[in-house]
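> Have a look; sequence and predicted model below, questions after that.
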Amino acid sequence: MLKIFKAGKLLKIEIEVVNNSISKLKIYGDFFLHPEEGIEIIEENLLGCSYDFNIIKQKIDTILKQNNIQAVGIDSSSLAEAITS
Amino acid sequence: MNSSLSQMRLIIDGAASAYHNMAVDEAIAKVGRFPTLRLYKWSPPAISIGYFQSLKQEVDICACKELGVDIVRRITGGGAVFHDSELTYSIVIPEGAVSDNIIESYHKICNGVILGLAEFNIDARFAPINDIVCVDKKISGNAQTRRYGQILQHGTILLDVDVDKMFSVLLVPDEKMKGKLIKDVKQRVTSLKSILRREISFDEMAPAIVKGFSSEFNMSFISSSLDKEELKEASELTKKFMSKEWINKR
């Protein structure tokens, strides 16, 4: 399922949810992440996560902090909203 | 703490393929020997997509093939860009030479372009995150990556723009809205030709951009070219940018 979401920058989400948890996830868009490889880290670490805005937002915050990833044009809130919308 | 640069290498390149252009930008950063400002052109015309974009969602691959437009994935984020009549710059400087704050660093580097445009009495300003606008119309898009201990930022300065041609190779979310979208973009994007009401060439614009960066960074330039190691690195990286694996990464 492809979703398009406009935050600061554009986000396009491809997602599969099974038993209310994320089984597949791809995040596309014209945003910036530093380092860029952080996107794969975010996608991998959200697999198995409950399909819930607050849980996903908190998980993303943790991933960004633990991996020293700077997001520009998106944030955990807009990303979680795009994923759960 | 920002370390100051007093001298930078200047490379003014001719037109090259999208793959070569992206490879050279990354090679300069990877070798990281000389802070460098490089100005270059694209031949043939090309679409570059950002690191995080989906190739098949953004680009009409068949149309590109028919029209002889190359497709390349950048190592930088940001959106899809159609490279045709433009002056492209790339700057490679050590991390620490500008702010750790990404948006502040975009602003600082874009000021080099803005001062360059001012040489032609063009009143442009920085529009965060990464645009330069003139009277609220976009004239330059920029994208930055930080790797190899370096900051690489590259950006376009539109000498002329053909929005219809751009949309003949880009995909849009809703085909039914394409006409409206094209009309929208024509309102929001401009070019030097449009502002100055005359043709302006790369060769005429280039010295102004060099002067702009020289003023913003308070330093002098030494004209030079890639060294042996950078050429070797660029050759290897060209293969990466041309590879199916890289272009289909996402």
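Nice, I can see it.

> Remind me which helix or strand residue B:179 belongs to.
Taking DSSP states H and E as the definition, residue B:179 sits inside helix B:178-188.

> just checking, what packs against that helix?
strand B:137-147, helix B:163-167 (3 or more Cβ pairs under 8 Å, 6 or more residues apart in numbering or on different chains; DSSP states H and E). In short, each C-beta sits where N, CA and C put it, glycine included.

> can you list contacts of that helix?
B:136, B:137, B:138, B:163, B:164, B:166, B:167, B:172 (Cβ atoms under 8 Å, 6 or more residues apart in numbering or on different chains).

> Run a quick neighbour tally on the first one.
The number of residues packed around residue B:136, counting by other Cβ atoms under 10 Å in any protein chain shown, is 10.

> The nearest residue to residue B:103 once chain neighbours are set aside and residue B:213: what is the separation?
Leaving aside its sequence neighbours, residue B:103 sits nearest to residue B:128 (Cβ to Cβ, 6 or more residues apart in numbering or on different chains; 5.4 Å). From residue B:128 over to residue B:213 the distance is 20 Å, taken as Cβ to Cβ, to the nearest Å.

> can you give me the strands in chain B?
With DSSP state E as the criterion, chain B has strands at B:7-16, B:36-42, B:46-49, B:70-73, B:81-83, B:86-94, B:124-127, B:131-134, B:137-147, B:150-158, B:220-223.

> Work out which residue lies at the spatial centre of chain B.
In chain B, the centroid-proximal residue (Cα atoms, centre = their mean) is residue B:155; its distance is 2.5 Å.

> Which residue, neighbours along the chain excluded, lies closest to that one?
residue B:142 (3.5 Å).

> Quick one: neighbours of that neighbour, just the number.
Around residue B:142 there are 22 other residues, counting by other Cβ under 10 Å.

> again, but for residue B:232
That count, for residue B:232 with other Cβ under 10 Å as the rule, works out to 13.

> Contacts only, for it.
Applying Cβ under 8 Å, 6+ apart to residue B:232 gives no contacts.

> And the helices in chain A?
Applying DSSP state H to chain A gives helices spanning A:38-46, A:53-66, A:76-84.

> Can you show me the CA trace of the first one as PDB?
Meaning helix A:38-46. Taking Å, rounded to 0.1, in the frame of the first residue of the first chain, the C-alpha atoms of helix A:38-46 are listed here in PDB:
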ATOM      1  CA  GLY A  38      20.000   5.800   8.600                       C
ATOM      2  CA  ILE A  39      16.900   5.200   6.500                       C
ATOM      3  CA  GLU A  40      17.700   1.500   6.300                       C
ATOM      4  CA  ILE A  41      18.300   1.400  10.000                       C
ATOM      5  CA  ILE A  42      14.900   3.100  10.700                       C
ATOM      6  CA  GLU A  43      13.100   0.700   8.300                       C
ATOM      7  CA  GLU A  44      14.700  -2.500   9.700                       C
ATOM      8  CA  ASN A  45      14.200  -1.400  13.400                       C
ATOM      9  CA  LEU A  46      10.500  -0.700  12.800                       C
END
